[in-house]
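**Student:** Compute the structure for the input listed below.
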Amino acid sequence: MVSKKLRSQISNRFQKTSLCFLAATLTSLTSASFLSTIEAIAAPSVPQIVAQVPQDWQTGVQLLRLLDNSGNLSSIGILLDIANKPSTTYANAVYQLYVKRAGEWREVYTNSGARLLSKNAGRQFTTVEMISLSSLSEKISLDDIYNGDLKAVTSIRYDLPNGVKDARFEIEEVKSFTSIVTASASEVKAGRISSVVYTNTSNPSTNISNNSSNNAVLSDRDLGITNTSQSTTTQSTQTVVIENTNVQTGSSVKPMKPIVVSKKYEDDDEDDDYDDRSRKDRKERKERDGVELSKKNPHRGHFSLAILQNQPRLSQVIARISIRSKRSNGFLVERFVGDYRFNINQRATFIRGLNPGDRLIVRLFDLNNRPLGYSEVQLLKNFSTISLILPSDPLAYGTIRTVCGIDSQRVGKIDRNVKVYDYFTQIQTTTVLTQTVARFLTTSQGIPIGLFNVAGLPQATNQSTYTNAFTKGDYSLINRTINVFTQDMPPVMQVLPGQLASVIPITDSQSTFDVVRKILDFKDLRPNGISTLF
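**Tutor:** Just a heads-up that it's a prediction; the model follows:
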């Protein structure tokens, strides 16, 4: 009974403080649109977990997804909202972030050194703890973050003037990544975000974007990220009003644009080929969501890539990787993902911003930037394992074998009883590099296929197996001569590897790369003062 009474008192006091704060905000603002927003404010649907919070402390903790100035996801934030605190002689906070992986919470961040809190009593404004995605990617796959649950834990330690020393308590919030509210990193850095208030809307159509795909502009949808809902179905979505510590100045407070994730995404058909037969049926559905947020199949389009050679003659090779994203009316222009230095027989994983039907393009070079081969691969409805096999005899360089299939367990092996795509490509070079052309072969006739057999993969045969989209339609690849280097390539690809963008070493087979981040890293690079291929 005492415990229930204590919790009731804490709840009542916290609610009164929040209402007072909102009332102060309202008196400084007269905008009709803001008033209508305030009327819709509701308490968070998922209560925070509070463990042994002393009566004189009224606190909350919020997880935030932070966007950079370009509107791209850059960090995870933890906001400690202190509505009231007692007078202290010392107080600090320690922030921790956990990600649920394989049913267990894994710690991925603890701040170094405690964050000091003011000694004064009453309302406190704390700095948001910002955790960059780049630092998190060193601890855990970003795919686990994008598709999982996160837990923010804030530990408070304090001393009181009456002699109480080393008093402690913790508060935490658990959220799925897709339900975390979004805020601007610049507002956070400027110290203008003090608390987060939730509102609900049942009309997401007000946030619908009608921007079409543009080859010159990289929208979030182009990158495979959903920040607007294109579904016409009415559904409940969550937005957020950011409260500003400078309310007395009369500056406007307005809702941040949320990242809205549809929960009505259907899985793909069983056909891995993503061909014309079912295109009309999937036209509306396939462009609706970012693939990495599909709960039914979060690894759609993701892949691992290895460069193999049965009897290694090369210690390392460079794989220039790019993507052409599938759209209902064709493909976006080629976009650069990076130059990667692979040890032979080493594998790396690529995630996010990828969809079934997208085409992975790989140009292989030796360490002296001499072309070794060219291939394209259609990404599949689940995580796929892709192997590019170099011949054991250097005299056969220029020909590579491509083997691809679904790897639902993400262990580097193609699943049993699934279709395996297996084919050969050849390049022809001249003294002029830009005249290099490639062909996708229908048979391996005339190729010493024994040079391309490696352990763990099917034996090479004389017959090639392609996805349907590679063999028919306007974007087929067989029976064509393909220019390996074109003036349509992004500027960063119009120089050889290492001349403009640094070559990225694959350190081990656990290496995982976020395709969206890589595209954004390289999209503005221009070879100013550097000779191009054309």
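**Student:** what pairs with residue 400 across the strands?
**Tutor:** Here residue 400 sits in beta bridges with residue 425, going by DSSP bridges.
**Student:** Might one say that it is in contact with residue 389?
**Tutor:** Yes: counting by CB atoms under 8 Å, residue 400 sits close enough to residue 389 to count as a contact (6.4 Å). C-beta here means a position set from N, CA and C on the backbone, and glycine is covered the same way.
**Student:** Can you tell me the SS state at residue 143?
**Tutor:** At residue 143 the chain is in helix, as set by DSSP: H, G, I helix; E, B strand; the rest coil.
**Student:** The closest residue in space to residue 491 that isn't next to it in sequence - how many residues pack around it?
**Tutor:** Among residues not flanking residue 491 along the chain, residue 526 sits closest, at 5.0 Å (CB to CB, 6 or more residues apart in numbering). By the criterion of other CB atoms under 10 Å, residue 526 has 12 neighbours.
**Student:** try residue 492
**Tutor:** 21.
**Student:** Residue 113 too?
**Tutor:** With other CB under 10 Å as criterion, residue 113 counts 7.
**Student:** element containing it, please.
**Tutor:** Using DSSP states H and E, residue 113 is not contained in any helix or strand.
**Student:** Equivalent analysis for residue 411, please.
**Tutor:** Using DSSP H and E, residue 411 falls within no helix or strand.
**Student:** Give the phi and psi angles for it, as a check.
**Tutor:** phi -120, psi 10 (degrees, to the nearest 10).
**Student:** That one and residue 509: what is the separation?
**Tutor:** Distance of residue 411 to residue 509, given as CB to CB, to the nearest Å: 10 Å.
**Student:** quick one, helices of this structure?
**Tutor:** Ranges of helices in the chain, per DSSP state H, are 2-27, 32-39, 133-136, 142-146, 185-189, 279-286, 468-471, 515-522.
**Student:** what's the least confident stretch among the ones you listed?
**Tutor:** Across the helices of the chain, helix 32-39 has the smallest mean pLDDT, namely a mean of 32.
**Student:** Any idea how many residues pack against residue 75?
**Tutor:** By the criterion of other CB under 10 Å, residue 75 has 21 neighbours.
**Student:** can you pull up the bridge partners for it?
**Tutor:** residue 66, residue 132.
**Student:** Please verify my assumption that residue 520 contacts residue 68.
**Tutor:** No: counting by CB under 8 Å, residue 520 does not reach residue 68; the two are 9.3 Å apart.
**Student:** Please say which of these two ends up with more neighbours.
**Tutor:** Shown here are residue 520 and residue 68; by other CB under 10 Å, residue 520 has more neighbours (18 against 13).
**Student:** burial count for the closest residue to that one other than its chain neighbours?
**Tutor:** By the measure of CB to CB, 6+ apart, the closest residue to residue 520 outside its immediate chain neighbours is residue 72, 6.0 Å from it. As a burial measure, residue 72 scores 17 neighbours (other CB under 10 Å).
**Student:** repeat for residue 440
**Tutor:** 23.
**Student:** so it bridges to which residues?
**Tutor:** residue 425, residue 478.
**Student:** Report the separation between it and residue 455.
**Tutor:** Distance, residue 440 to residue 455, using CB to CB: 25 Å.
**Student:** now do residue 449
**Tutor:** Where residue 455 is concerned, residue 449 sits at a distance of 15 Å (CB to CB).
**Student:** How about residue 184?
**Tutor:** 51 Å.
**Student:** Of those two, which one has the most company?
**Tutor:** residue 184 (19 against 7).
**Student:** Excluding covalently adjacent residues, which one is nearest to that one?
**Tutor:** residue 67 (5.8 Å).
**Student:** wouldn't the one you found be in contact with residue 182 here?
**Tutor:** Yes: contact criterion CB under 8 Å: residue 67 and residue 182 qualify, at 6.2 Å.
**Student:** okay, residue 381: pLDDT?
**Tutor:** In this model, residue 381 carries a pLDDT of 94.
**Student:** i'd like the first residue to be 45 from this point on
**Tutor:** Fine by me, first position is 45 from now on; the one you just mentioned is residue 425.
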